[in-house]
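K.L.:
Take this sequence and fold it.
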Amino acid sequence: MKTYRDDAIVLRTHDIGEADRIITMLSRHHGKVRAVAKGVRKTGSRFGARVEPFSHIDVQIYRGKTLDTISQVDTLAQYGRTIGRDYEAYTAASTLVELADVINDDDVADANLFTLLHGALHAVASRQHPPELVVYSFILRSMMVAGWGFSVAECATCGVGGPHSALNIAAGGAVCDDCRPVGSATPSVETWQLLYALLRGDWAVADISQPATRRSAGAIIGAYAQWHLEKQMKSLRHLAVN
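P.N.:
Presented below is the predicted three-dimensional model:
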């Protein structure tokens, strides 16, 4: 078919020519999509504001030989307007879309990842939970969807049930005393509790965590993500932790 329609979240944009812009989106049914929004930078553009980062849109796209073209856009949720007024929310949302961009292969549909990203952006925009905790939870859950699950309740090496006190990033998370590699870390009990809560979405526990515990959990989650992605996440370094 020459055209297709899907709902999508705008991850990033890139200017080309004098008035056009390439929009990179994570769609529900078509995976990551790049398409040109022609004339979008002109003052009288029909849908310029609708294709800004963090927007949830209903988009119709025309298939091209080298690059698709956006032909119609309807706004479903303009999260960028709220997020753009809050630095903490903005850095959190930037981290969310950066990870979603990196973790998803082109043209590979992943409805679970789309749902996670949509829910995370909504939570950040509406301030349902501290923005950094939403990011940490999204990283753990999205990496689990991608096949890089972080082990908390059982040993990442042998699978024996915990709780375990040792942590090894390369091994995949918690490790028992028998499997513990040299150089493994020993996070606090509170850090383990927060990691488990973020993985399960237990916000009653996560929301009352202390700043030091959040920083500890964030450092572990960030290191784990970068270990598997083999890429430094630029926006994660600017994430504000309360």
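K.L.:
Using the record, which stretches count as separate domains in this structure?
P.N.:
Following the TED database, one finds the domains of the chain at 3-80, 129-240.
K.L.:
can I get those in JSON lines with mean neighbour count, distance to A123 and mean pLDDT?
P.N.:
C-beta here means a position set from N, CA and C on the backbone, and glycine is covered the same way. Compiled in JSON lines, these are given as follows (neighbours: other C-beta atoms under 10 Å; distance: least, C-beta to C-beta, whole Å; pLDDT from 0 to 100):
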{"stretch": "domain 3-80", "mean neighbour count": "17", "distance to A123": "10", "mean pLDDT": "87"}
{"stretch": "domain 129-240", "mean neighbour count": "18", "distance to A123": "5", "mean pLDDT": "90"}
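K.L.:
Please give the element, helix or strand, for K65.
P.N.:
K65 belongs to no helix or strand when elements are defined using DSSP states H and E.
K.L.:
still on that earlier bit, make a markdown table out of the domains of the chain and add distance to Y90.
P.N.:
Converted to a markdown table, these look like this (distance: least, C-beta to C-beta, whole Å):
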| stretch | distance to Y90 |
| --- | --- |
| domain 3-80 | 9 |
| domain 129-240 | 9 |
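K.L.:
ok, now which ones touch K38?
P.N.:
By C-beta atoms under 8 Å, 6 or more residues apart in numbering, the contact list for K38 reads 19-20, 69-70.
K.L.:
Filter those down to the ones in strands?
P.N.:
The strands, defined by DSSP state E, take in 20, 69-70 from the contacts of K38.
K.L.:
all helices of this protein, in order?
P.N.:
Applying DSSP state H to the chain gives helices spanning 79-83, 87-103, 111-126, 131-145, 189-200, 203-206, 211-229.
K.L.:
relative orientation of the top strand by length along the chain and helix 111-126 in degrees?
P.N.:
Identified as the longest strand of the chain according to DSSP E is strand 3-16. Using axes from the mean of the first three to the mean of the last three C-alpha atoms, to 10 degrees, the direction of strand 3-16 lies 60 degrees away from that of helix 111-126.
K.L.:
Pretty sure L121 is one of the things I9 touches, is it not?
P.N.:
Yes - counting by C-beta atoms under 8 Å, I9 touches L121, with 6.8 Å between them.
K.L.:
now the farthest one out in the protein, which residue is it?
P.N.:
Ranking residues of the chain by C-alpha distance from their mean position (C-alpha atoms, centre = their mean) puts D178 at the top, at 34.0 Å.
K.L.:
Now that one, what are its backbone angles?
P.N.:
Here is the backbone geometry of D178 (degrees, to the nearest 10): phi -70, psi -30.
K.L.:
who touches it in this structure?
P.N.:
By C-beta under 8 Å, 6+ apart, D178 lies in contact with C158.
K.L.:
And the pLDDT for the spatially most central residue of the chain?
P.N.:
Taking C-alpha atoms, centre = their mean, the centroid of the chain lies closest to L96, which sits 3.1 Å from it. We have a pLDDT of 94 for L96.
K.L.:
Leaving out the residues flanking it, which one is nearest to it?
P.N.:
A120 (5.2 Å; C-beta to C-beta, 6 or more residues apart in numbering).
K.L.:
My guess is the one you found contacts Y136. True?
P.N.:
No - applying C-beta under 8 Å as the test, A120 and Y136 come out as separate, 10.3 Å apart.
K.L.:
ok, the residue lying closest to D74 once chain neighbours are set aside - contacts?
P.N.:
In space, and not counting its chain neighbours, D74 is closest to D58: 4.3 Å by C-beta to C-beta, 6+ apart. Applying C-beta under 8 Å, 6+ apart to D58 gives the contacts 5-7, 73-76.
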